[in-house]
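[1] Provide a 3D model corresponding to the input given below.
(chains A and B)
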Amino acid sequence: MSDTAEAVGTAEAAEAAVGSAAPRTLAEDLRRRGDDAVAALLRLRPDLLTPVPADLTQLATRAGTRASVVRALERLDRFTLQAAEALAIAPDPCPYGTLLALLSGDDGAPDVAEALPCAVAALRRAALLWGGDDRLHLVRTARDLLTPMPTAPSATGLGPTVAEATAGMSPGRLQEILAAAGLPPTHDPVSAVTALTALFRDRARMSALLADAPEGTAAILDKLTWGPPYGKAVSASTPVRWLLARGVLLPAGPGNLVLPREAALHLRRGLAHRKPEPLPPVVAPSARHEAATVNATAASQAFTAVQTVEELLKSWDAGGPPVLRAGGMSVRDLKRTAIALDVDEPVAAFWLETAYAAGLLASDGEADERYAPTPRYDEWLRLPTEERWAALAAAWLPATRSPGLVGGRDAKGRALSVLGSELDRSFSPEVRRQVLRLLAALDEGASAAPEALLARLRWERPLRGTADTVRAQLVQWTLQEAELLGVTGRGALSAHGRALQDTGQDPGHGAGQRQGAAEATRRLAPLLPEQLDHILLQADLTAVAPGPLRTTLAETLGVLADIESKGGATVYRFTPDSVRRALDAGRTAEELHTFLAAHSRTPVPQPLTYLIDDVARRHGRLRVGAASAYLRCDDDALLTEILADRRAAGLGLRRLAPTVLATHSSPDVLLERLRSMGFAPAAESADGDMLITRPDAYRTPPRSAPVPVPEGPPVPDETLLGAAVKAIRAGERAATAVRKPVPHSAGARLPRTTSAETLATLQAAVLKGEALWIGYVNADGAASQRVIEPVRVEGGFITAFDHTADKIRAFALHRITGVAQLADDPT
Amino acid sequence: MSCLIVQSDKTLLLEVDHPQAEECRRAIAPFAELERAPEHIHTYRVTPLGLWNARAAGHDAEQVVDALVTYSRYPVPHALLVDVAETMARYGRLRLVKHPTHGLVLETTDRPVLHEVMRSKKIHPLVGGRIDEDSVIVHPSERGQIKQVLLKLGWPAEDFAGYVDGEAHPIELCEDGWALRPYQRQAVEGFWHGGSGVVVLPCGAGKTLVGAGAMAIAKSTTLILVTNTVSARQWKHELVRRTSLTKDEVGEYSGTRKEIRPVTIATYQVLTTKRKGIYPHLELFDSRDWGLIVYDEVHLLPAPVFKFTADLQARRRLGLTATLVREDGRESDVFSLIGPKRFDAPWKEIETQGYIAPADCVEVRVNLTDSERLAYATAEADEKYRYCATTDTKRRVTEALVARHRGDQTLVIGQYIDQLDELGEHLDAPVIKGETTNAQREKLFNAFRAGEISVLVVSKVANFSIDLPEATVAIQVSGTFGSRQEEAQRLGRVLRPKADGHEAHFYSVVARDTIDQDFAAHRQRFLAEQGYTYRIVDADDLLAGDELDEL
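    Here you go, the predicted structure:
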C-alpha cells in the first residue's frame, strides 16, 4: 500500500506544502492544479468519477490504483508511453534533463526535444506524473508496472540496475569485481556498488575499460544491448569470464547472466528505446481522385446500399428466415440471402447487420421465431433516399456489432452466425471513428492504404496481442464497410461522409450526431442519381432501364419481368412466366400494353406484344375453385328452374356449365333441400355411380363385447390346478419324506455327505431321473432342505427341478451340505 | 450523359443511338465481349478471358479502367475497377518460352504463383523437372494442355514460344475484279497479328476469303478442316478461283478421296472415323509440316479434334465461324485451344455495309386443330416435339408460303425426313437428305443455283457451308430442338446479297402453344441478340390471305 501512502499524505502536510517549493505527493500536486486541470483529468480517466470522490486525496488515491493506472497507460500514444517507460527506468525523482537524455540519447534528437514537453504534459494531465520539472515523479503504480522485471520485461529491453543485480552478492566477490575493473578497493558494499555504477555511467572510462576487452566480447554485448538483457552462459568462454569479472555482466540466477541497466545504456549511447518515436507516422495518400468522382461514386454506392436493404427486406415481406435456437441466422439462409442479393456472403452479412443495427429488422418473438422487418422499416421506406441512407450510416457508425466476424469462430470454436449474439466488439465504433478521422485529415479525394492507417493507429494507441490483431481486422472491415455504404468512394471520404464524420467523433454527443446526419443528408441529396420514368424495350424481349426507376414503375416492372442484371441500369427480361405473374397480380393484358407503351421510349416490339397476348389468352382459361357439392342434370331447363326457385336461394347455387351447378352447401343439405322442394335427386359417388339411398346408420368404431363379471373367484384351469397340486405335493414330500439313514450325519437335520459322495449321488440321479433330498445353504447362510430332480451337473452347479419352489433352478455344488435318496414312496 | 452503363455483374450496356457510341465501342471492344446486339442497347461482358486477351494484345489495366471511367454514365463501382486491375495483373506472371537447352519452359516472374500452380494435380503430369526456382520444363506435346489448365487455374500463361513457319508454299490472292472487303482485311490482319485465333463473321459474309487471305499471308502449306464433302468442294472451288493455287495444288481428304497436297481440305467426319479404337486419319496432321491450320465452322469442332488440336500449339490456327455458341458450353475450349476471338462483327453492321442481304424474319404461328391438340397432349414426352413439329397444318402453311413466293428461289428446311418427303411430294420438289449421294446433292445444288429448280427441300445436311447465293426464301418447318446456331446458320443460307438488293425472307413455322414454340423462342435468341427482329404472323391470317399483300 505504499502508493496509497504516497498519494494520501496528511492534510496538514498538504496545507503546509501549498505555496512552498515542491509538492510532496500527487494529492498535493493536484491541489495546486486549477479546476480545469482536474476536469480534464476526469474527462481523460472517467473511471475515477464513479463513485464521485469525496476530495482530492481520495481522487489521488483512486488515480493510483492499479486497475485505473493500467487503463490510463493503455490510452497513451506511443511516444508518451515511451516517456513513461523511460521515467520508470530513471531514478525517482527524475529531472527533466535526464528524461530528455534517455529519449534523445548522447547524440541528441531535436524532434524528441520538441515533442517531449507535450508528452510530459500529457502524462501530467493524466495524473500519471507529478512534481516540477526538476523533480518528475512517475506515479508509483505506473512505475511498478513499467519497471523491467525478470518476469515482465519492459518495452525498453533494459535490465536491472547494478545495485539491484548485485543485491545479495558477497562483499568478497564485489571486491574482486572492483579490482578487476581497476577501481580503488572499498570494504563498504554500498560504496562499491556506487563506484561501479559511476564507472558504467561514465562514457569515457567505460569505453576505455571495454577497449581492452578480449575478442568476442562485442558480439556477446551486441546480443544483449537492445534486450532481452538476460542470457544463458552456455560455456564459460574467455569473453564471458572477462565480462563477469568486471561486473559488465552480472549473474542472475543459476546459469543466467544479465547486462545491468547502466552498462546497457552506455552501449546504447544513452537511449532508453532503440527507436524513440516522437512523431506519429504520416498517413500518406495512396491515391488521389477528383473530389467530384469520389462524391459521385460514393453517392451511387449509397443509393445501392439503400436499394439493397430495401430489396433484402422486401423479400422478407412474407416472413423472413427462422431464428436459430442459439440466436442468429443459419449459414444456409445467409447463403440464400447472398444469392438473392447477388453479392458474396460477407457482404450479405454486412447488409443484414446494418439493417439490424438500424432497427429495420428483428426477430418476431413468436413461438417459431423468425426474422421480419419491423414497423420502423415501413417508416423508413417512406423517407426520401438520402434520409434512408443517413439512417443506415448513422446506425453503422456507433454500432458495436462487427459483421466482419461472421463465418469465423469464437473462443470456444462455435461458428459466429450473422445476427447472432456474439458479434459485439466494443472497440468497433472507436476504430470506425478513428479511421474516418484519419481519412478526413487527408485532402479531398485522397484515399489511404489500410497499412498506413493501421500504423498511425498503432502509434496513437499501442495495443498488444489479440487486441492489436482485432484492431487490424477492424480497420480493414471499416474501410470495406465504408465503401459499401457509400461513406467513402474509391477509398476516399466523400463530402457526405465528411459531414457524418465531423460531428460523429464524440460518442456521447447525440445532438451532434443528429446534426451530422442531417448535414450528410443535405450534401448527399443532390449527388444521388435522378430517378427515371422510362425504359427501353427491345425485340429480344428485354427492357433496359438506363438508370434508377421511379419506385412505382420499378415495382410494376419487377412483377412483369425478371431482373437480369443490376447496377447503374437494370436489365429486365420478359418471359411467359413473368408475364403470367403480372396477370396473376390482377393486371389485364390491356393494362400491360398501355403500361409498356406509356413508359417505353422506343416502340413496343411486336414479339413482346405477342408474348403478352399469348400468355393472356391462355391465362385463366382453366379455372380452379372450391365447391362442396355439385348438381348435374342433362336437362338444363330443369337446372334453370332450380336456379330460379326462390327456395333454393339459401343454397348458394352457381351455374358452372349449362348442365352443372355448384354450391358451397354440403351434399346432404342439398339433397334434403331439393327433396323438400319436390325434386327427386339422387346422390352420386366419386365414380359417378348412383348411391343407393337409405337411412344412415350411425356406427361406433370397432368395439369388443363386455366381459361378464361372475361372483366369486374364477374357476381355475387344468394347468393351474396341476401346478398347484405339484407344489403342494412337493412341500409335503420335503417335510414328510422318510429318509434312508445317512452315515456320519445321523440325527442331523440336514443330510451330510462328503463332496465326492454328493457329486456321485447327484450324477447318478441325473442318469436315473430320480428325485433327491438335499441340504442347502443359501447365499445368506440360511440352511434349508429341498427335494430336487437334478437335470444337469456341470461347472460346479446343478441344474435341477426344485419341488419346493416348483421351478427349475441352479444350485451351487459347494453349498450343498449333503444328499440323500428319498425313501421309496411308502404307498 | 455518356453512352455506357457499367453494371455490377460486369456487363456493359452501350446505347447505340448515342453520338459517342462508336467511339466508346472502339474503346471497350479490346477487352469486352459483345454478348447481345439488339436494336437499342448492346450488351458487352467483361470476362477474365477478355481482359487477358486485351493484355495479350498489349492493353493494360489502366487503359481498361480509363475506358470504363471515361464513358460510364454512372460512377463505376470501386470494387469492379479493383477487380479488373487484379485480374489483368494475373496475366503474364507465367510465361511459356523456348529455352536454348531445355526446350519448352514455363517461367515466372512471381515465384509464389509458380509454387501455387505446381501444387495443382492437373499441372503435374504436364511438366518435367524444375530448372531453378523460377522455371520448370514443360513437355512440348502438352503446350496446349498446360495453357488450358493454367487458364482454368486463373493464371494464364503468356506464350512466347512462337510458331513454326511450316513448309513454305507460294500462295497469292488474285484480286482481279474483286477485292477483300474492309472487314475481311481487318479480320485477316487481326488474326495474323495475334498469331492464332477465331474470326466470327455472319453467314454469307465471306469467311472463305478470310481463310484465303490468311493463307496468302502465311504462304505455307495449309490444312483446312471443314464439315462435309460438299463444303470441301466449295472451298476448293473458291480457292482455285480466288488465289494463285491451281487445282492440283489443292487436295481433298474425305471419305471418297485421300489426297494430300500443299493445301489439303479434310472433313471432320473422316478425321473422327474410329477404327479398332484408334483414329487412323489423325496422322494427317503430321503428314506434312503444315504452316497453317484452318478450322471452318469451328463451333462444330468435334471432341477428338479438340484433343488433337491441343497438341498443335506450335502451328498457326485459324478458326472461322458465324455463331460461336455451342449448346454444350465448350466455347471456352475453342478459345483456349484455337485461340482467342480475333475479330467479331455484328451481323447488322455487315448488313448495313451491304455485304449481306437484309432479312425479314417471320415466325408463322400455326394453330393446331382440336384433334391434333388432343393427340399432342397425349403423346409421350420424347415424341411431343416431333409431333407438334410435323403437324399437317404446318404442311398447308408451308405450301401457302411457297405459293406466295413463287418465282423466288426457295429452300424448305426441316429436321424430320418423313415430313420432308411428304413436303417434297406436295410441293413437287426434290428432297436432299442424309442418304442423298454427294453427286446427287451437287447436281441438285447446281440446278438450284442455275435456277432450273426453284424449290428445294433439304434436311439438316444443308445447315452449313452450302453456298446457294440465289436462295432468297427459307422456310423452316422443324429443327434440332432449341439449337440457336442452327437457326442462325439456316438464316445464313439466304443472306448472300442479292443482285437487285431485295431482302431475303426467313420463315419459321411454329405450332402455337406447344413446346415447338418454346424451342423456337430459344432458337431465335441468338439472332434476336444480333439485332434481328422476328415478326409474328398468324397462320390463319396467312391462309386467309389477309396478310398476303403485306408480305
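
[2] what's the longest strand in chain A?
    Using DSSP state E, we find that the single longest strand of chain A is strand A:783-794.

[3] What is the next helix or strand after it packed up against?
    Under the assignment DSSP states H and E, the closest C-terminal helix or strand after strand A:783-794 is strand A:797-802. Packing partners of strand A:797-802 (3 or more Cβ pairs under 8 Å, 6 or more residues apart in numbering or on different chains; DSSP states H and E): strand A:783-794, strand A:807-812. Every C-beta, even on glycine, is put in place using the N, C-alpha and C of the backbone.

[4] and the direction of strand A:797-802 versus that of strand A:807-812, what angle?
    Strand A:797-802 runs at 150 degrees relative to strand A:807-812, counting by axes from the mean of the first three to the mean of the last three Cα atoms, to 10 degrees.

[5] Distance from the chain centre to strand A:797-802, please.
    The chain centroid and the centroid of strand A:797-802 are separated by 68 Å under Cα atoms, centre = their mean, to the nearest Å.

[6] try stretch B:101-115
    That offset, for stretch B:101-115, works out to 35 Å (Cα atoms, centre = their mean).

[7] Endpoints of it, how far apart?
    23 Å (Cα to Cα, to the nearest Å).

[8] Can you point out the buried residues in that stretch?
    Judged by neighbour count (16 or more other Cβ atoms under 10 Å in any protein chain shown), stretch B:101-115 contains these buried residues: B:104, B:105, B:106, B:107, B:108, B:113, B:114.

[9] quick one: the strands in the stretch 1-150 of chain A?
    Ranges of strands within the stretch 1-150 of chain A are A:129-130, A:137-138, based on DSSP state E, counting those that start in this stretch.

[10] looking at those, which is buried most?
    Mean neighbour count (mean count of other Cβ atoms under 10 Å in any protein chain shown) peaks for strand A:129-130 among the strands of the stretch 1-150 of chain A, with a mean of 26.

[11] wait, residue A:814 sits on residue A:797?
    No - contact criterion Cβ atoms under 8 Å: residue A:814 and residue A:797 do not qualify, at 9.7 Å.

[12] now the strands for the stretch 401-550 of chain B?
    Going by DSSP E, counting those that start in this stretch, the stretch 401-550 of chain B shows strands at B:410-413, B:431-432, B:455-458, B:473-476, B:504-511, B:534-538.

[13] Could you find the closest non-adjacent residue to residue A:566?
    residue B:8 (5.9 Å; Cβ to Cβ, 6 or more residues apart in numbering or on different chains).

[14] So what does that neighbour have for phi and psi?
    Main-chain dihedrals, residue B:8, degrees, to the nearest 10: phi -70, psi -20.

[15] now do residue A:572
    Per degrees, to the nearest 10, the backbone of residue A:572 is at phi -110, psi 150.

[16] Name whatever forms a beta bridge with it.
    residue A:543, residue A:563 (DSSP bridges).

[17] separation between it and residue B:270?
    48 Å (Cβ to Cβ, to the nearest Å).

[18] same question, residue B:8
    Taking Cβ to Cβ, one finds residue B:8 at 49 Å from residue B:270.

[19] low-scoring pLDDT stretches of the chain, where are they?
    Just so you know, I chose chain A. Scanning chain A for pLDDT under 70 picks out A:1-21, A:152, A:234-236, A:503-513, A:692-697, A:701-702, A:704, A:707-718, A:720-750, A:824-827.

[20] The chain in question should be chain B.
    For chain B, counting by pLDDT under 70, the residues that fall below are B:1, B:310, B:464-465, B:545-551.

[21] For it, which residues are neighbours of chain A?
    Contact residues (Cβ under 8 Å from any Cβ of the partner chain) of chain B with chain A: B:5-9, B:11, B:13, B:15, B:36, B:38-41, B:43, B:69, B:72-79, B:81, B:363, B:365, B:512-513, B:525, B:528-529, B:531-536.

[22] isn't residue A:664 right next to residue A:628, touching?
    Yes - applying Cβ under 8 Å, one finds residue A:664 in contact with residue A:628, separated by 5.4 Å.

[23] Point me to the residue of the stretch 351-500 of chain A nearest chain B.
    Chain B sits closest to residue A:490 of the stretch 351-500 of chain A, with a gap of 5.0 Å, by Cβ to the nearest Cβ.

[24] contacting residues for that residue?
    For residue A:490, the contact set (Cβ atoms under 8 Å, 6 or more residues apart in numbering or on different chains) comprises A:287, A:289, A:293, A:294, A:297, A:447, B:78, B:81.

[25] hmm, 10 Å instead?
    The neighbours of residue A:490, taking Cβ atoms under 10 Å, 6 or more residues apart in numbering or on different chains as the test, are A:287-290, A:293-294, A:296-298, A:301, A:445-447, A:483, B:69, B:75-78, B:81-82.

[26] and what of residue B:72?
    Contacts of residue B:72 (Cβ under 10 Å, 6+ apart): A:568, B:2, B:3, B:4, B:5, B:6, B:12, B:24.

[27] Repeat the analysis, applying 6 Å as the threshold.
    Going by Cβ atoms under 6 Å, 6 or more residues apart in numbering or on different chains, residue B:72 touches B:4, B:6.

[28] Just say helix, strand or coil for the residue most central in space within chain A.
    Centroid-nearest residue in chain A: residue A:422, 2.7 Å away (criterion: Cα atoms, centre = their mean). What DSSP: H, G, I helix; E, B strand; the rest coil gives for residue A:422 is coil.

[29] cool, and residue B:223?
    For residue B:223, the secondary-structure state derived from three-state DSSP is strand.

[30] Give me the neighbour count for it.
    By other Cβ atoms under 10 Å in any protein chain shown, the residues close to residue B:223 number 25.

[31] before we move on, what about residue A:461?
    18.

[32] Output the longest helix belonging to chain A.
    The helix spanning the most residues in chain A, taking DSSP state H as the definition, is helix A:291-314.

[33] Name the residues of the next helix or strand along the chain from it that come out as buried.
    Going down the chain from helix A:291-314, the next helix or strand is helix A:331-341, by DSSP H and E. By neighbour count on 16+ other Cβ under 10 Å, the buried set for helix A:331-341 is A:333, A:334, A:337, A:338, A:341.

[34] wait, what's in contact with residue A:243?
    Contacts of residue A:243 (Cβ under 6 Å, 6+ apart): residue A:249.

[35] Could you break chain B into its assigned domains?
    Per the record, chain B has its domains at B:4-90, B:94-159, B:182-350, B:357-544, by automatic domain parsing.

[36] Format these as JSON lines; extra columns: distance to residue A:328.
    What follows is the domains of chain B, written out as JSON lines (distance: least, Cβ to Cβ, whole Å):
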{"stretch": "domain B:4-90", "distance to residue A:328": "26"}
{"stretch": "domain B:94-159", "distance to residue A:328": "33"}
{"stretch": "domain B:182-350", "distance to residue A:328": "38"}
{"stretch": "domain B:357-544", "distance to residue A:328": "43"}
